[in-house]
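Visitor: Prediction below, plus the sequence it came from.
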Amino acid sequence: TQLLEQSPQFLSIQEGENLTVYCNSSSVFSSLQWYRQEPGEGPVLLVTVVTGGEVKKLKRLTFQFGDARKDSSLHITAAQPGDTGLYLCAGAKGSTLGRLYFGRGTQLTVWP
Amino acid sequence: DVKVTQSSRYLVKRTGEKVFLECVQDMDHENMFWYRQDPGLGLRLIYFSYDVKMKEKGDIPEGYSVSREKKERFSLILESASTNQTSMYLCASSPLRRAGSGANVLTFGAGSRLTVL
């Protein structure tokens, strides 16, 4: 069973469009992270959110952590071809061992 | 530039062979992880280690073992490779953090793509 449900699994859009990726769970997380992975590389951290209701912005990317710390969203404004990649959400359950629980990922393709 | 290095980017092995995947990190991190990544299934945790000679099973440990003899090195071992172990294997490391001290960030290697024929 997947602890974090991520949707959609695939997203194919034109340059300039907006999009939102969702990450949902019935479990509470102490923090939630978003990673981006490009072909042939490992995932790289984009952002960490730790407080319920927290909103963080990274240029055209906006990340939100739900009030109950069970869900998160990633919104991209005016997508560009350089945004193409696999986006992964990952949650931590607060243990000292550092394990993260990953969603299945959203494959985003932005066409010029 | 700090990093996690996976020694083999691409491997092709035959069914029944013993396979070693090596991972080295230069960040003095306590935690190290092995994930496998398959299309549509995301990252699934095989094993992790939070200290030298310590190991914990993840979600899919069957068919795998690990070794951590030194802090910087974490090896994944397939005792007898099978075709269903064809996959991308990702190693990651992170510092040890106490609960409530902040989020744990993983640094990943570039991956090892294993094909078992």
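Guide: Good, I have the coordinates.

Visitor: Identify the residues contacting A:Leu100.
Guide: A:33, A:90-92, B:104, B:106 (C-beta atoms under 8 Å, 6 or more residues apart in numbering or on different chains). C-betas here are computed from N, CA, C, even on glycine.

Visitor: Would you mind listing what in chain B touches chain A?
Guide: B:4, B:30-31, B:33, B:35, B:40-45, B:48, B:50, B:56, B:58, B:90, B:92, B:94-100, B:102-106, B:108-111 (C-beta under 8 Å from any C-beta of the partner chain).

Visitor: Among these, which lie within helices?
Guide: With helices taken from DSSP state H, there is no overlap with those.

Visitor: what's around A:Leu86, how many residues?
Guide: Applying other C-beta atoms under 10 Å in any protein chain shown, we find 19 residues neighbouring A:Leu86.

Visitor: ok, it to A:Tyr35 distance?
Guide: 9 Å (C-beta to C-beta, to the nearest Å).

Visitor: returning to what we had before: just the buried residues from the residues of chain B next to chain A, in ChimeraX please.
Guide: Burial among the residues of chain B next to chain A is assessed by 16 or more other C-beta atoms under 10 Å in any protein chain shown; the matching ChimeraX selection reads:
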select /B:4,30,31,33,35,42,43,44,45,48,50,58,90,92,94,97,103,104,105,106,108,109,111
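
Visitor: Not counting its neighbours along the chain, what's nearest A:Lys70?
Guide: A:Ser25 (5.1 Å; C-beta to C-beta, 6 or more residues apart in numbering or on different chains).

Visitor: contacting residues around the one you found?
Guide: By C-beta under 8 Å, 6+ apart, the neighbours of A:Ser25 are A:3-5, A:70-71, A:91.

Visitor: what is the closest residue to chain A within chain B paired to in the beta sheet?
Guide: For chain B and chain A, the shortest gap (C-beta to the nearest C-beta) falls at B:Phe108, measuring 2.9 Å. According to DSSP bridges, the partner residues bridging B:Phe108 are B:Ala92.

Visitor: residues from chain A in reach of chain B?
Guide: Near chain B, when you scan chain A using C-beta under 8 Å from any C-beta, you find A:2, A:6, A:9, A:30-31, A:33, A:35, A:40-45, A:48, A:50, A:88, A:90, A:92, A:94-100, A:102-105.

Visitor: one step back: just the ones in strands from the residues of chain B next to chain A, please.
Guide: Taking DSSP state E, the ones among the residues of chain B next to chain A that sit in strands are B:4, B:31, B:33, B:35, B:42-45, B:48, B:56, B:90, B:92, B:94, B:108.

Visitor: Could you save those residues as a markdown table and add columns showing distance to B:Gln25 and pLDDT?
Guide: Output for those, formatted as a markdown table (distance: C-beta to C-beta, whole Å; pLDDT from 0 to 100):
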| residue | distance to B:Gln25 | pLDDT |
| --- | --- | --- |
| B:Val4 | 5 | 95 |
| B:Asn31 | 10 | 91 |
| B:Phe33 | 11 | 96 |
| B:Tyr35 | 15 | 97 |
| B:Gly42 | 22 | 89 |
| B:Leu43 | 17 | 93 |
| B:Arg44 | 21 | 94 |
| B:Leu45 | 17 | 94 |
| B:Phe48 | 13 | 94 |
| B:Glu56 | 18 | 92 |
| B:Leu90 | 13 | 97 |
| B:Ala92 | 9 | 96 |
| B:Ser94 | 9 | 90 |
| B:Phe108 | 10 | 96 |
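
Visitor: Could you find the closest non-adjacent residue to B:Ser67?
Guide: B:Ser67's closest residue in space is B:Ser75 (C-beta to C-beta, 6+ apart), at 4.5 Å.
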